[in-house]
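Asks: this one's structure only:
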Ligand SMILES: O=P(O)(O)OC[C@H]1O[C@](O)(CO)[C@@H](O)[C@@H]1O
């Protein structure tokens, strides 16, 4: 990926970062890069994620997937992935971006209507099940798996012939795989879920869809080669450092706005990566999922005329598919006729970027050549490396997520899964009801 931070400079934007401040920050980037390099060298928890391009074995993933999908996925028409957070978003990002010709459903919530409708719409006899959970104890994932298994059994389909598990060394899912001799892959040691897209966690669905795993990993490996000790030479570090500097100067929101429909899910993946990594010790930057050109007609008003607390991150491919716009006899629309949707989308991106610059609002542009496996692998890796850099500069623990545990305990206590003081606190909610 290439990064252009010109519209985040203090000469253009407020909040903005001066060149002097960037130069000073670059000294800290160099030190942080050395720390990251040591962490990678020792496969330390979290830093190990940046070694995935070398560690992930696509042949191993395809070999584990083939028994449930048939050669090249020929035995199935659909895949249900049961997981949540990093155990679903990486896989969803990849299959959504690369236009997999396999129907892929991601059950990463427990809304009963949504789950029921998803299952009812699938040809279960031609559907495989991909269950993913590092801990193997995540309530939503286990509950959804039990519902999916029951649906298969009710339909007379042998789920054990169609299920692959990706999980930790131990836990209920590992036990399930062992008990039924299911194909099972390991989640990589030392890699938090939000950083695991380029491992079996994110690639089983891609393998089932017969996508190019090697190209994804090659793109990530090429991006790994760009990690150097200066933000002026490393796009990922330029992005991470600039976001850190903008946040420190008041940009508390980071609206991630890809100008490609196929990258919409990438914004959802980025939101977890950024929020769960950097939201620590009262610090962090709130990621907002946005989409160009669609959100020019919704969120842009706020970003241009609301509080000066937001940076916009644009992600745009240089190449797009061609789709002409037919000529029109409507005079006011004549400028569109005989053009193309690609030219229109590109013009809208450049106009929106310039609109925010004209209002002195900071933006960063991330460019990729096109949306394909190689470029997507580089983008995912680059954003992960940017996040690691931002975490180093902020001085937070980039790789844990302790704040998510309270609600899990409260949920379990509310459902009779144990005696948790968190559940008691739920009952003590202060209330001021206003009823219809
Ligand atoms: O893979 P698991 O253990 O099911 O966890 C799923 C997700 O839940 C979290 O642990 C947060 O609760 C995320 O960090 C993780 O990606």
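Replies: Looks like it came in fine. All of these numbers come straight from a predicted model, not from anything done at the bench.

Asks: can you list the weak-confidence ranges in the protein?
Replies: Applying pLDDT under 70 to the chain flags no residue at all.

Asks: and it, which residues reach the ligand?
Replies: Contacts of the chain with the ligand, taken as CB under 6 Å from any ligand atom, map to 84-87, 133-135, 138, 141, 193-194, 276, 401, 404. To be clear about C-beta, it is placed using only N, CA and C from the backbone, and glycine gets the same treatment.

Asks: my guess is residue 379 contacts residue 3, does it?
Replies: No: at 10.9 Å, residue 379 does not count as touching residue 3 under the criterion of CB atoms under 8 Å.

Asks: overlap in contacts of those two?
Replies: Taking CB atoms under 8 Å, 6 or more residues apart in numbering as the criterion, residue 379 and residue 3 both touch residue 366.

Asks: quick one, which of the two is more surrounded?
Replies: Under the criterion of other CB atoms under 10 Å, the comparison of residue 379 against residue 3 puts residue 379 first, with 27 against 22.

Asks: ok, now which ones touch whatever residue of the stretch 101-250 of the chain ends up closest to the ligand?
Replies: Nearest to the ligand, among the residues of the stretch 101-250 of the chain, is residue 193, at 2.6 Å (CB to the nearest ligand atom). By CB under 8 Å, 6+ apart, the contact set of residue 193 is 85-87, 134, 187, 201.

Asks: the stretch 151-300 of the chain: helices as residue ranges?
Replies: 172-180, 200-208, 213-224, 235-248, 264-278, 300-305 (DSSP state H, counting those that start in this stretch).

Asks: for residue 18, give its distance to residue 326.
Replies: Noted for residue 18: a distance of 49 Å to residue 326, by CB to CB, to the nearest Å.

Asks: and the two? Which one has more around it.
Replies: Higher neighbour count among residue 18 and residue 326: residue 18, with 13 against 8, using other CB under 10 Å.

Asks: can you tell me the closest non-neighbouring residue to the more buried one?
Replies: residue 10 (4.3 Å; CB to CB, 6 or more residues apart in numbering).

Asks: show me the beta-bridge partners of the closest residue to residue 275 other than its chain neighbours.
Replies: Distances taken as CB to CB, 6+ apart put residue 287 closest to residue 275, at 5.5 Å, once the chain neighbours are dropped. In this entry, residue 287 is beta-bridged to residue 254, by DSSP bridges.

Asks: residue 287: neighbour count?
Replies: By other CB under 10 Å, the residues close to residue 287 number 23.

Asks: that one reaches residue 270, doesn't it?
Replies: Yes: here residue 287 reaches residue 270: they are 6.0 Å apart, a contact under CB under 8 Å.
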